[in-house]
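Chemist: With the sequence up front, the predicted model follows.
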Amino acid sequence: MLRLPTFTYHRPKTASEAVAIQKEHGKEAMYVAGGTDLYPNMKRRHQTPTHVISLQDVPGLHTVDPLADGRVAIGAMVKLTALEHHAHLKAHYGAFAHAVREISTPLLRNMGTIGGNLLLDTRCTYYDQSHEWRESIDFCMKKDGAICWVAPGSPRCWAVQSSDTVPLVCAMEAEVELVGVDGSRTIKAGELYRDDGIQYLTKKPEELLTRLVLPAAKGWKASYLKLRRRDTYDFPVLGVGVCLWMDGGGVITKANVRLGGAGSYAIPATESEKLLVGQKLTDEVIAAAGSAALKPARTMDNTDLDVYWRRKVAPVYVARALAACK
């Protein structure tokens, strides 16, 4: 049986108190929301904080609030199940509600939160194993070792971003609010991530993600498509998030296509985006934009299913995600 290591549990009553606790204990402290990612990682000794800071009692993190300008603010502690069934999100942000519904299983969505899913630890076949398994082959550079078993000659870690919501919120150009010792700041969701399997977030360690803000639901269409071995539970081995802005005549004025599960961040399919802008979403345009997604889908042998097949299927899934925006 895998057991949690010993730690001190904190339940701050404000965001500033939570930040202060994290700042005081530094690398020894981590925030916990739903715990569906952190606690299993602690059991496998991937992450070993001696201070765990619960966000359960922090006010303002548990609500979904329409804003005056048409945007929607979602508190970081809102449970995934609540978002999956939220009437306003289903009616006006169907792609987002669908992406949430694709996460794991109903039981875990009952516990997991949107903030936790946005900050999900990167994953890898060689990393997401028990301590004893990893020790038997020698630890990888993501935790306790000096080598990347996916690419032994590489100076960096290639663990992948496996959140279902990240590709979509990045494509939608949603925003996230972060609270730190110097107050709060708001950035585009895409600016929260970097292409590195270890240092995969740009936020400061003590910064607390307090809410996700979705753009006003007008002038764009979005979709999310997920590839996995089993139709429930599994993490994506490919997740395609698409958002298209169109004028009154149906001509695409802006296009964002993001590939999740293929790299350490949601990879922009820039050539696909260039092919889409200035065009109507015809079958021919969709096929061309899908084919252009082959190159950025730089799949490696670090997740489930055959690596070469996963790369070849990326154009198919991008085309299908674009077709869903018709």
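Modeler: Arrived safely, thanks for sending.

Chemist: from here on, contacts and neighbour counts on C-alpha atoms
Modeler: Noted.

Chemist: got the phi/psi numbers for residue 241?
Modeler: Backbone torsions of residue 241, given as degrees, to the nearest 10, read phi -110, psi 130.

Chemist: ok, it - contacts?
Modeler: Taking Cα atoms under 8 Å, 6 or more residues apart in numbering, we find residue 241 in contact with 167-171, 222-225, 257-260, 321.

Chemist: Is it possible to get JSON lines of those residues that adds pLDDT?
Modeler: Shown next, in JSON lines, are the contacts of residue 241 (pLDDT from 0 to 100):
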{"residue": "167", "pLDDT": "98"}
{"residue": "168", "pLDDT": "98"}
{"residue": "169", "pLDDT": "98"}
{"residue": "170", "pLDDT": "98"}
{"residue": "171", "pLDDT": "98"}
{"residue": "222", "pLDDT": "98"}
{"residue": "223", "pLDDT": "98"}
{"residue": "224", "pLDDT": "98"}
{"residue": "225", "pLDDT": "98"}
{"residue": "257", "pLDDT": "98"}
{"residue": "258", "pLDDT": "98"}
{"residue": "259", "pLDDT": "97"}
{"residue": "260", "pLDDT": "96"}
{"residue": "321", "pLDDT": "98"}
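
Chemist: Quickly name whichever of those is closest to residue 128.
Modeler: Distance from residue 128 was checked for each of these by Cα to Cα. The minimum falls on residue 260, at 17.8 Å.

Chemist: Let me have the contacts of residue 241 in JSON lines, adding secondary structure as columns.
Modeler: Converted to JSON lines, the contacts of residue 241 look like this (DSSP: H, G, I helix; E, B strand; the rest coil):
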{"residue": "167", "secondary structure": "helix"}
{"residue": "168", "secondary structure": "helix"}
{"residue": "169", "secondary structure": "helix"}
{"residue": "170", "secondary structure": "helix"}
{"residue": "171", "secondary structure": "helix"}
{"residue": "222", "secondary structure": "strand"}
{"residue": "223", "secondary structure": "strand"}
{"residue": "224", "secondary structure": "strand"}
{"residue": "225", "secondary structure": "strand"}
{"residue": "257", "secondary structure": "strand"}
{"residue": "258", "secondary structure": "strand"}
{"residue": "259", "secondary structure": "strand"}
{"residue": "260", "secondary structure": "strand"}
{"residue": "321", "secondary structure": "helix"}
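
Chemist: Mind checking which of those are buried?
Modeler: For the contacts of residue 241, a burial check counting by 16 or more other Cα atoms under 10 Å picks out 167-171, 222-225, 257-260, 321.

Chemist: the strands in the stretch 1-150 of the chain, which residues?
Modeler: In the stretch 1-150 of the chain, the strands defined using DSSP state E, counting those that start in this stretch lie at 8-10, 29-32, 51-54, 64-66, 72-75.
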